[in-house]
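>>> Sequence first, then the predicted structure, then my questions.
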Amino acid sequence: MSRLLCVAAALALVQPALSQDSHPLTIMVSAGRHNRKQTPVKVAVKIPQSLRGALIVPLNTENGQTIYGQLSTSGGIATERHEAPRGSVARFLYFVVPELDAGKSVRLTGSVTLDIQMPPAVFVWKDSAGQFAELAYGKRPVLKYMYAALDETTPESRAATYKPYHHIYDPQGKFLITKGPGGLFPHHRGLFFGFNRISYGGKTADTWHCNNGECQSHEEFVTAEAGPVFGRHVVQIDWHGKDKSVFARERREMTVYASSGGNLIEFASHLESTVGPVKLDGDPQHAGFQFRATQAVPDKTASLTYYVRPDGKGEPGKFRNWDAKTRDPKTVNLPWHALSFVVGDQRYTCCYLDRPQNPKEARFSERDYGRFGSYFEYELDKDKPLDVNYRIWLQEGELSGDEIQRLEDDFVEPPTAMVN
């Protein structure tokens, strides 16, 4: 059975424990060069073995404010493991700093204990076995993972199931703001990662369109976590060639942080070859990590779409796409990129945040129907995996370049946290 149901059940059944063990923590958080607002922070901690089941840590500021921390066995697949001495266990403590000015620090104190009531608002995973897994914050759905097995009964059923992907809900949790199968360019959907020009061992594959027998398949839920600060899962996805054999294996991780005013989502992927050298390549429209807005955009509001870039706000109807002939420098290696689009009567902004550590040259693409992102070329091998890490911020309304840069700063140069 999927671990997601186990996580949901565990959260629902949490009650005060009888243990009186506690472990005090004092953490110094420094903003560094940037102003911080609703910024996720994680710090490596070591706690006694007797408290290995602890999940929630209330943290108090010097002015009496309380914020919740969440303990995890993982810092995410993009984070190195840390070890603990005998008698202790290694954990990562996550929390969100509400506000902290550049150059300032805040001292947080708390105790790790089993005797903590679950706060009123927490993330919870719910699994519809074999179809989708949904993450909600309280009663508000945020993320939906579509993972039905490949169904080749009809062309329509195959097209609906040839690759797993993640939907995002609007910030109010009322509707899916990303696109599924069908509609304009049905190969684009939700948040997705793949390449349309792959070559290995004399073979070729396209895990974007998946038209010639190729597909991506969900294999298992590796981990799932939920609490007051974040919800996360890691899934294993196999990449299949035209002959249905597996040529690459991926661990795909999605993390959603508790944040006011929008959805803060982090994507990480670790891709390994199972066949030796694999060339990952593509074009700006059909490769890499990309976002596709709901079909309502091309149907009704495409003329209102514009993009915000590091060099300024664009105009509706004017879009940039990397081209191999011109190699316009304004379309490569952008630290961030933002799509502003309209659904119904509401404008939304989706920010795409890159990292310097992701492979470069990153080639960006934009479309008025709400599909954007970037891709790169990469030589995958058994001893050379691919690791990527991006963030998405989605909110109602418009954002300036300075506001998007602040989100990028939080991602690339986060606050420092030290346990005293």
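Done, it's in. Numbers count the residues shown, from 1 in each chain.

>>> Look up phi and psi at the closest residue to residue 260 other than its chain neighbours.
Excluding the flanking residues, the one nearest residue 260 by CB to CB, 6 or more residues apart in numbering is residue 38, at 6.1 Å. Every C-beta, even on glycine, is put in place using the N, C-alpha and C of the backbone. With angles defined as degrees, to the nearest 10, residue 38 sits at phi 50, psi 50.

>>> and residue 267, what does it touch?
Residue 267 makes contacts with 191, 193, 252, 253, 254, 289, 388, 389, 390, 391, 392, as judged by CB atoms under 8 Å, 6 or more residues apart in numbering.

>>> May I have the predicted confidence score for the residue nearest to residue 260?
Note for residue 38: predicted pLDDT of 94.

>>> what about residue 232, helix or strand, and which?
For residue 232, the element it lies in under DSSP states H and E is strand 230-240.

>>> avg pLDDT for that strand?
Averaging pLDDT along strand 230-240 gives 98.

>>> Quick one: list the elements packing against the helix or strand following it.
The first helix or strand that comes after strand 230-240 along the chain, using DSSP H and E, is strand 246-257. With contacts taken as 3 or more CB pairs under 8 Å, 6 or more residues apart in numbering; DSSP states H and E, strand 246-257 sits against strand 140-146, strand 191-195, strand 230-240, strand 263-273.

>>> rerun that using 6 Å as the cut-off
Judged by 3 or more CB pairs under 6 Å, 6 or more residues apart in numbering; DSSP states H and E, strand 246-257 is in contact with strand 230-240, strand 263-273.

>>> mind listing what's buried in it?
Across strand 246-257, burial judged by 16 or more other CB atoms under 10 Å covers 247, 248, 249, 250, 251, 252, 253, 254, 255, 256, 257.

>>> Could you list the single helix or strand in the protein with the lowest mean pLDDT?
Least confident helix or strand of the chain, by mean pLDDT, DSSP states H and E, is helix 3-12 with a mean of 41.

>>> Which SSE is immediately downstream of that one?
For helix 3-12, the succeeding helix or strand toward the C-terminus, using DSSP H and E, is strand 22-30.

>>> Export that next one to PDB, keeping only CA atoms.
Provided in PDB are the C-alpha atoms of strand 22-30 (Å, rounded to 0.1, in the frame of the first residue of the first chain):
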ATOM      1  CA  SER A  22      12.600  16.800  26.000                       C
ATOM      2  CA  HIS A  23      15.700  18.300  24.200                       C
ATOM      3  CA  PRO A  24      16.200  22.100  24.300                       C
ATOM      4  CA  LEU A  25      17.200  23.900  21.100                       C
ATOM      5  CA  THR A  26      18.500  27.400  20.500                       C
ATOM      6  CA  ILE A  27      18.900  28.500  16.900                       C
ATOM      7  CA  MET A  28      20.400  31.700  15.500                       C
ATOM      8  CA  VAL A  29      19.000  32.700  12.200                       C
ATOM      9  CA  SER A  30      20.800  35.400  10.200                       C
END
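
>>> quick one: strands adjacent to it?
If you go by DSSP bridges, strand 22-30 pairs up with strand 105-113 (antiparallel), strand 416-419 (antiparallel).

>>> Deepest in the core, which of the ones you listed is it.
Of all the strands paired with strand 22-30, strand 105-113 has the most neighbours on average by mean count of other CB atoms under 10 Å, namely a mean of 19.

>>> so what secondary structure elements neighbour the helix or strand following that one?
Downstream of strand 105-113, the first helix or strand assigned by DSSP H and E is strand 123-128. Helices and strands touching strand 123-128, by 3+ CB pairs under 6 Å, 6+ apart, are helix 3-12, strand 132-137, strand 215-226.
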